[in-house]
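# show me how the following folds:
(2 chains)
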Amino acid sequence: MLRDITIGQYYQTESVIHKLDPRVKLMGTLVFIISLFLGKSVWIYLGATIFLAVVIKLSNVPLKFILKGLKAVVLLIVLSAAFNLFLTDGRVLVHFWIFTITAEGLYQAVFMVIRLIYLIMGSSLMTLTTTPNHLTDGLEKGLGFLKKIKVPVHEISMMMSIALRFIPILIEETDKIMKAQLARGADFENGNILKRAKAMIPVLVPLFISAFRRANELAMAMEARCYHGDEGRTKMKPLKYQKRDRIAYISMFGYLAVLIALNVWMSGRII
Amino acid sequence: MGIIKTENLTFEYIRRDDEGNVEGITTAVDDVSLDIQAGDFVAILGHNGSGKSTFAKHLNALVAPTEGTVWVDGMDTKEEEHTLDIRQTSGMVFQNPDNQIICTLVEEEVGFGPENIGVPTDEIWECVEKSLKAVGMYRFRKASPNKLSGGQKQRVAIAGIVAMKPKCIVLDEPTAMLDPSGRKDVINILHALNKQENVTIILITHYMEEVIDADHVFVMDEGKVVMEGTPRQIFTQVDKMKELHLDVPQVTEVAYELRMKGLPINQGVLTNAELIAELKRIQG
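Got it, this is the predicted structure:
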């Protein structure tokens, strides 16, 4: 189950999107999310679809791979669609037992589902095309202005990248401990939720202990290699905007401007 | 004075009970004085709990001595203003390769040390390329460390230290978690670094085979240095090694047993070739 999650995974291939500066991609994701919430006209969604399709095409990540990431949130999408479908007042289309489906509800539900799917596709596209380290570098530099108000930006991004590096190691370890406990007669599959949750305790306790031991050793290894925060630290891969990053900025803000203009023209409102 | 010198080095762990009262004191390193010359390949032997790992941490200023002094390239490890210089002078490689790799790409991992000491970007790339080539891992530079074998990870860890251009590398049982072929690769690389780059190597181990080619060996037991000398001088004393619960290389053991059975084999046989020569001499 843990292996199915594609959110936060990196898909290695060569593409223009992969080469973009992480700050551009972070901003792009934000712009895309804003654009999804602009309005409910079909034209807005058409625009968003074209934008997403172009970016996916440029990224060389197979569509199937991106859609796999949706599996983890299917329940969330179904639930929010159901709420919108059954709980919206308006012109009644179908009525049976206690359920009423209205035209407005149907309309709402469809848009909500599209919105959520695009939201997840857009943000997983960012993580699929950006290595975790690049991402944290982007966050560190992009949020660098927060250092002035004493936010430890470097430390936070270092913690994030270490956490990401240890995810596969800890998953492997969980697997090992579970197998070891199974070999000793542990039962993780039978019983109700409470019983199964209790059965996880003998897995979690050793996992925590070993995570602390690893953290301790890692801290020592970092110190041994002269790590002392970001004071006087240079970068092996410093972030510098290239021509393609400027083009990306221009096109994403162009996209946002077009959608806003479209929305104003269609409904007379900005949002 | 050599690159590393310790004088009456003592380190004590204070054990406390749940209320924080002192329960007892464990002396991990007990009055160790030694002097290691630059360019040497030094091995430190000892069974578990003999204090060799604690001793190693002193050489990198990761712990400060309770008593006595450690000098690394003339710098006293107790003086905090030298800490970074000391860590750059004597790099340290640990036992578990997973717990010392910080980054998610091999090349970034090797660049981590140079980044910390503030090397300019272009030079970092030069260092990284050179050190990855030195350990034969250059073609894996874009790989994720998670996908490498234990021996390869440990080679990356060594490259990460080499990139900081240390004068001396301390390795705390770097091969304990590796398979035999990974172990051999790591040891070969250490010898190459020692010969070609003239880096002082301090190898802490309990595999006797890794010690044979060292220039100098120290044997530790209960925090003290109990034997020191060339590998040949150490392994000639099979009885004393057994007393310390340490093995000798397999062929030395065979030669020892044969001599005990009455064959006139000379002491100090360290390699297969030497044993064969001895046996031929007796026969002929």
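# just after the longest strand belonging to chain B, pick out the following helix or strand.
Longest strand in chain B by number of residues (criterion: DSSP state E): strand B:22-36. Counting by DSSP states H and E, the next helix or strand C-terminal to strand B:22-36 is strand B:41-45.
# parallel or antiparallel, list what pairs with that next one.
When pairs are called by DSSP bridges, strand B:41-45 turns out to pair with strand B:200-205 (parallel), strand B:216-221 (parallel).
# distance from the first one to the middle of the chain?
The gap between where strand B:200-205 is centred and where its chain is centred comes out at 3 Å by Cα atoms, centre = their mean, to the nearest Å.
# what residues does it touch?
Strand B:200-205 is contacted from outside by B:3-4, B:36-46, B:52-53, B:55-56, B:59, B:167-176, B:190-191, B:193-194, B:210-211, B:214, using Cβ atoms under 8 Å, 6 or more residues apart in numbering or on different chains. All C-beta spots, glycine's among them, are computed from the backbone N, C-alpha and C.
# equivalent analysis for the last one, please.
Contacts made with strand B:216-221 from outside it, assessed by Cβ under 8 Å, 6+ apart, are listed as B:32, B:34, B:36, B:40-47, B:50-52, B:55, B:211, B:225-231, B:234, B:241, B:244, B:246.
# helices or strands next to the helix or strand following it in the packing?
Moving toward the C-terminus from strand B:216-221, the next helix or strand (DSSP H and E) is strand B:224-229. When contacts are defined as 3 or more Cβ pairs under 8 Å, 6 or more residues apart in numbering or on different chains; DSSP states H and E, strand B:224-229 packs onto strand B:22-36, strand B:216-221.
# which of the strands paired with strand B:41-45 sits most buried?
Among the strands paired with strand B:41-45, ranked by average contacts under mean count of other Cβ atoms under 10 Å in any protein chain shown, first place goes to strand B:200-205 (a mean of 24).
# and the angle from it to strand B:22-36?
140 degrees (axes from the mean of the first three to the mean of the last three Cα atoms, to 10 degrees).
# okay, strand B:200-205 in CSV with CA atoms only?
Output of strand B:200-205 as CSV, limited to C-alpha atoms (Å, rounded to 0.1, in the frame of the first residue of the first chain):
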residue,chain,number,x,y,z
THR,B,200,47.0,8.8,6.5
ILE,B,201,44.6,6.0,7.1
ILE,B,202,43.4,4.9,10.5
LEU,B,203,41.4,1.8,10.1
ILE,B,204,39.4,0.4,13.0
THR,B,205,38.4,-3.2,12.5
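# any idea of the mean pLDDT for it?
Averaging pLDDT along strand B:200-205 gives 93.
# after the host helix or strand of A:Leu106 comes which helix or strand?
Per DSSP H and E: A:Leu106 is located in helix A:103-129. Downstream of helix A:103-129, the first helix or strand assigned by DSSP H and E is helix A:132-142.
# and the average pLDDT for that following helix is what?
Per-residue scores along helix A:132-142 average to 82.
# alpha carbons of that helix, in PDB - could you do that?
Only the C-alpha atoms of helix A:132-142 are listed here, as PDB (Å, rounded to 0.1, in the frame of the first residue of the first chain):
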ATOM      1  CA  PRO A 132      13.300  16.300  -3.400                       C
ATOM      2  CA  ASN A 133      16.600  18.100  -3.000                       C
ATOM      3  CA  HIS A 134      15.800  20.500  -5.800                       C
ATOM      4  CA  LEU A 135      12.400  21.100  -4.300                       C
ATOM      5  CA  THR A 136      13.800  21.900  -0.800                       C
ATOM      6  CA  ASP A 137      16.500  24.100  -2.500                       C
ATOM      7  CA  GLY A 138      13.700  26.000  -4.200                       C
ATOM      8  CA  LEU A 139      11.800  26.400  -1.000                       C
ATOM      9  CA  GLU A 140      14.900  27.500   0.800                       C
ATOM     10  CA  LYS A 141      15.700  30.200  -1.800                       C
ATOM     11  CA  GLY A 142      12.200  31.100  -2.600                       C
END
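# what does that helix rub up against?
So helix A:132-142 is contacted by A:8, A:10, A:21-23, A:25-27, A:126-127, A:130, A:153-154, A:156-158, A:160-161, A:164-165, A:235, A:237, A:239, B:103-105, B:108 (Cβ under 8 Å, 6+ apart).
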